[in-house]
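Trainee: pasting a predicted model and its sequence here:
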Amino acid sequence: MHSALTDLGPAASTAGHADGGRDAPFGAFALPAPWGLLRWLGGNPSGVLGRAVGHRLAARLSGPVDIVTENRLRLRLHPAESADARALIVGGPTWRRVERVKLRRAIAKRDEFAFVDLGAGDGIFSLDVLATAQALGRRATVTAIEPSADARARLAENLAHNGFSATIHPATDHGAAASLLAGLPRIDALKIEAAAAVPTLEAFFAEAPKAAWPRLILSATGRADPSRLIPFLASHTYRLVARTTLNAMMELSPR
């Protein structure tokens, strides 16, 4: 079994890298050695305390961090800016396990899997989908939609570190994002930021036939679902198939 995260040499200071470290070779921003214990604790399925402590410490990491994941993805992450980055750094193989199992099963059913990442950030989910499809002998296409120019650059960098490709769009409002979705031939799974989900999907559903709607939708609704995404999708014939403390996964019913 591969270790969740691999040290990449001596720890490096991130001070002074205003470009997010894009000029530095991969491995220049390894985690300090004491993180090894926290990673071990957090990577254990029962290591709830280790993950809780690790999340708080990871939020204080300034600048980029280079990690190699259990499925050998080489990722440059920005934990101070991303809950998913913190969860991956600390949790390793336990990172978003429920969601990843569901996606893996969906990928395995198709020769080519169409994934859309709306609010892609550094591309953690996009890269994981590409790596999973490769491991299963399938092909995945990724359309990443990200309004931040800095995040798009970091996503492109992570794709390059791993020899993967994706189509990256800079949609900056709900209408533009909905039009991009409507222009795609098929969406097998959509990951979408919860804050943008309801207005974007409302516009998309009005524009696209039901045959073009995503089979699966993943969004960070949290426990309270303040955006009311779950009942909104239920009213459009989606059913809840997985729920964690952070995310909800909804599947389109055939009716």
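Mentor: That came through fine. Numbering: from 1, shown residues only.
Trainee: Ala153: which element?
Mentor: Using DSSP states H and E, Ala153 maps to helix 149-162.
Trainee: so what's Asn158 up against?
Mentor: 74-76, 122-123, 127 (Cβ atoms under 8 Å, 6 or more residues apart in numbering). Heads up, the C-betas are built off the backbone N, CA and C, glycines and all.
Trainee: 7 Å - rerun?
Mentor: Taking Cβ atoms under 7 Å, 6 or more residues apart in numbering, we find Asn158 in contact with 75-76, 122-123, 127.
Trainee: ok, for it, nearest residue in space, not its chain neighbours?
Mentor: Spatial nearest neighbour of Asn158, excluding adjacent residues (Cβ to Cβ, 6 or more residues apart in numbering): Gly123 at 4.9 Å.
Trainee: kindly report the same for Ala195.
Mentor: Ser227 (6.3 Å).
Trainee: what kind of secondary structure is the one you found in?
Mentor: Judged by DSSP: H, G, I helix; E, B strand; the rest coil, the three-state class of Ser227 is coil.
Trainee: test my guess that Val198 contacts Pro226.
Mentor: No: Val198 is not in contact with Pro226 according to Cβ atoms under 7 Å; the separation is 10.6 Å.
Trainee: low-scoring pLDDT stretches of the chain, where are they?
Mentor: For the chain, the stretches with pLDDT under 70 are 1-22, 33-60, 255.
Trainee: mind listing the strands for it?
Mentor: 65-68, 74-77, 112-118, 139-145, 167-169, 189-192, 216-219, 238-243, 248-252 (DSSP state E).
Trainee: let me see the ranges of the helices in the stretch 51-200 of the chain.
Mentor: Ranges of helices in the stretch 51-200 of the chain, per DSSP state H, counting those that start in this stretch, are 83-91, 97-108, 124-135, 149-162, 174-182, 194-207.
Trainee: of those helices, flag the one that's most buried.
Mentor: helix 83-91 (a mean of 24; mean count of other Cβ atoms under 10 Å).
Trainee: angle of it against helix 97-108?
Mentor: Interaxial angle of helix 83-91 relative to helix 97-108 (axes from the mean of the first three to the mean of the last three Cα atoms, to 10 degrees): 100 degrees.
Trainee: for helix 83-91, packing partners?
Mentor: helix 35-43, helix 48-58, strand 74-77, helix 124-135 (3 or more Cβ pairs under 7 Å, 6 or more residues apart in numbering; DSSP states H and E).
Trainee: distance from it to the middle of the chain?
Mentor: 11 Å (Cα atoms, centre = their mean, to the nearest Å).
Trainee: for it, output the C-alpha coordinates as PDB.
Mentor: This file holds the C-alpha atoms of helix 83-91, laid out as PDB (Å, rounded to 0.1, in the frame of the first residue of the first chain):
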ATOM      1  CA  ALA A  83     -10.500  23.200   2.600                       C
ATOM      2  CA  ASP A  84     -10.000  20.300   0.100                       C
ATOM      3  CA  ALA A  85      -6.200  21.000   0.000                       C
ATOM      4  CA  ARG A  86      -6.100  20.800   3.800                       C
ATOM      5  CA  ALA A  87      -8.200  17.700   3.900                       C
ATOM      6  CA  LEU A  88      -6.000  16.000   1.300                       C
ATOM      7  CA  ILE A  89      -2.800  17.000   3.100                       C
ATOM      8  CA  VAL A  90      -4.000  15.700   6.400                       C
ATOM      9  CA  GLY A  91      -6.300  12.800   5.400                       C
END
